[in-house]
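Peer 1: Sequence and predicted structure, then a few things I'm wondering about:
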Amino acid sequence: MAGAMAVLALGAGTATALTPGVATSATSAPGTDGSATPAPAAEPAEPATRADGDSDTTTAVDGKVVTRATTALQRAREVTSESTSLTAKQERAIAEQADAVAELLAARSSGAASRSSEREPLPTEREALPSASPSPLVEDDVRDEAGADDGASGDVVDDAQDGTADAVSTEQVATATKKLTRLVTKARTDVTVEAAPETPVEITAAQAAEAKAAAAKLAQHVDSFEGFANGRVPAAELRELSFAGGETLRRDAAAQLERLDVAFRARFGTHLDITDSYRSYDSQVAVRATKGYLAAVPGYSEHGWGVAVDLGGGVESFGTAEYEWLRENAPMFGWDNPAWARSGGSKPEAWHWEYTPLQG
């Protein structure tokens, strides 16, 4: 998505470059006696036709298509960063299509700049040139609602329709944008992000309801580490937490912790403080050497399966408001301080929390 997001700033400039204003002024024409005769009052004019065959109407459509493309790129960034249950396939499809749109916009912008420097002056007299009209396909693309699925016909564009020397046609940008908006819309439908209610209690209840509703779908990730050894799970199979850079978990555990974090932040005003999450085998060896019996034997830690976190920010101490709130609410999201780690347990660790999938 890096390439796609970098073009967002470019997109706004591109839209401006493709939709220049039309300057008009009142002029005087010589009369029959050689004196200047005031020009008649301006009447509504049809779109002016430029020497290169492009009309202002076409230019306006170009601008709408570019604006729609940059909006689609922004929505793609939002859904991939905010949604917590996207599959790897969905993320890859959105990223690849976003890159395609970004490349088309960049090429389109470059072509527009080149044509601008090569344009001939407008004719000084009105010429009887045929008025150019935008392609019907482009008009349809502009009128379509974002994300509307109009069937397979919308995915096919005949490049031969573009009679100009443009390296990238408006139709190509519009078609690529429509495909991206469909992917993003489907992703948002699959992972609904509810607007947060007003109070912390309501937010917690809403997030817990989402967690329960998502349980059945998230169950597909429970066996996703099959074939891998504890602490030897490839990074591609893990999901990074949006609120804790570099910290990763199994996808279902991460999705439910994201929801728990929303509720925790509504109550305390800060994100959950993650001090440790997935732990590789080598990391577990190092922790064992440092903490001794307090750390699990390498190859047997829940951290090695991506279903355990260590927390700070007040949670690491028994009896704090943060710890007590989590003990009461975290189980609704599949997370809990296990019995052996609680106060009075065999190995008290207030900071250690583990995930058990909810039953859908």
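Peer 2: Now that the structure is in, tell me what you want to look at.
Peer 1: buried sites along stretch 230-242?
Peer 2: The neighbour-count check on stretch 230-242 (16 or more other CB atoms under 10 Å) flags 230, 231, 233, 237, 238, 239, 241 as buried. Backbone N, C-alpha and C define where each C-beta goes, glycine included.
Peer 1: Now, those residues that are in strands?
Peer 2: Of the buried residues of stretch 230-242, the ones assigned to strands by DSSP state E are 239, 241.
Peer 1: Pick the one among the buried residues of stretch 230-242 closest to residue 299.
Peer 2: Nearest to residue 299, judged by CB to CB, of the buried residues of stretch 230-242 is residue 230 at 4.9 Å.
Peer 1: And the closest one, how far from residue 353?
Peer 2: Going from residue 230 to residue 353 by CB to CB, to the nearest Å gives 18 Å.
Peer 1: where does the stretch 251-360 of the chain dip in pLDDT?
Peer 2: Residues of the stretch 251-360 of the chain that meet the criterion pLDDT under 70 lie in 360.
Peer 1: would you list every one of the strands in it?
Peer 2: Remark: strands assigned in the stretch 251-360 of the chain by DSSP state E, counting those that start in this stretch are 274-276, 308-311, 335-336, 352-355.
Peer 1: my read: residue 308 touches residue 354, true?
Peer 2: Yes: assessed by CB atoms under 8 Å, residue 308 is found in contact with residue 354 at 4.8 Å.
Peer 1: Tell me which residues touch the residue nearest to residue 312 when sequence neighbours are not counted, please.
Peer 2: In space, and not counting its chain neighbours, residue 312 is closest to residue 273: 3.9 Å by CB to CB, 6 or more residues apart in numbering. For residue 273, the contacting residues are 311, 312, 313, 314, 315, by CB atoms under 8 Å, 6 or more residues apart in numbering.
Peer 1: Put the buried members of the residues you listed into a ChimeraX selection.
Peer 2: Command for ChimeraX that selects the buried part of the contacts of residue 273, burial taken from 16+ other CB under 10 Å:
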select :311,313,314,315
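Peer 1: Redo the contacts of residue 273 as CSV? Include distance to residue 93.
Peer 2: As requested, those are exported to CSV (distance: CB to CB, whole Å):
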residue, distance to residue 93
311, 34
312, 37
313, 36
314, 40
315, 37
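Peer 1: Among the contacts of residue 273, give me the pair with the biggest separation.
Peer 2: Across those, no pair lies farther apart than 311 and 314, at 8.7 Å, counting by CB to CB.
Peer 1: Helices along the stretch 201-350 of the chain, start to end?
Peer 2: Assigned by DSSP state H, counting those that start in this stretch, the stretch 201-350 of the chain shows helices spanning 251-268, 281-291, 321-329.
Peer 1: Of those helices, which stretch is the most buried?
Peer 2: helix 251-268 (a mean of 24; mean count of other CB atoms under 10 Å).
Peer 1: rewinding a little: can the helices of the stretch 201-350 of the chain go into TSV with extra columns for distance to residue 226?
Peer 2: Below are the helices of the stretch 201-350 of the chain laid out as TSV (distance: least, CB to CB, whole Å):
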stretch	distance to residue 226
helix 251-268	14
helix 281-291	17
helix 321-329	30
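Peer 1: for these, which one sits closest to residue 110?
Peer 2: helix 251-268 (39.3 Å).
Peer 1: sorry, back to before: which of residue 308 and residue 354 has more neighbours?
Peer 2: Relative neighbour count places residue 308 above the other of residue 308 and residue 354, with 22 against 17, counting by other CB atoms under 10 Å.
Peer 1: For the more buried one, which non-adjacent residue is closest in space?
Peer 2: Per CB to CB, 6+ apart, closest to residue 308 is residue 302, 3.8 Å.
Peer 1: How about the contacts made by that neighbour?
Peer 2: 296, 308, 354.
Peer 1: ok, the residue nearest to the first one when sequence neighbours are not counted - contacts?
Peer 2: Read that as residue 296. Spatial nearest neighbour of residue 296, chain neighbours left out: residue 284 (7.0 Å); criterion: CB to CB, 6+ apart. Residue 284 sits next to 231, 295, 296, 298, 299, 301, 303, 304 when contact means CB under 8 Å, 6+ apart.
Peer 1: Start and end of stretch 289-298, how far apart?
Peer 2: Across its full length, stretch 289-298 reaches 10 Å between end residues, using CA to CA, to the nearest Å.
Peer 1: Tell me how far residue 319 lies from residue 327.
Peer 2: 10 Å.
Peer 1: before we move on, the earlier item: so which of the contacts of residue 273 comes closest to residue 89?
Peer 2: Closest to residue 89, out of all of those and judged by CB to CB, is residue 311, at 31.6 Å.
Peer 1: Could you check how many residues crowd around residue 348?
Peer 2: Neighbour tally, residue 348, other CB under 10 Å: 15.
Peer 1: let's have the chain start at 87 instead
Peer 2: Yep, numbering from 87; the last one is residue 434 now.
Peer 1: Quick check on it: phi, psi?
Peer 2: Backbone torsions for residue 434, taken as degrees, to the nearest 10, come to phi -60, psi 120.
Peer 1: likewise residue 358?
Peer 2: Main-chain torsions, residue 358, degrees, to the nearest 10: phi -60, psi 140.
Peer 1: Quick one: residues contacting it.
Peer 2: Contacts were defined as CB under 8 Å, 6+ apart; by that measure residue 358 touches 329, 330, 343, 346, 347, 350, 351, 395, 397, 399, 401.
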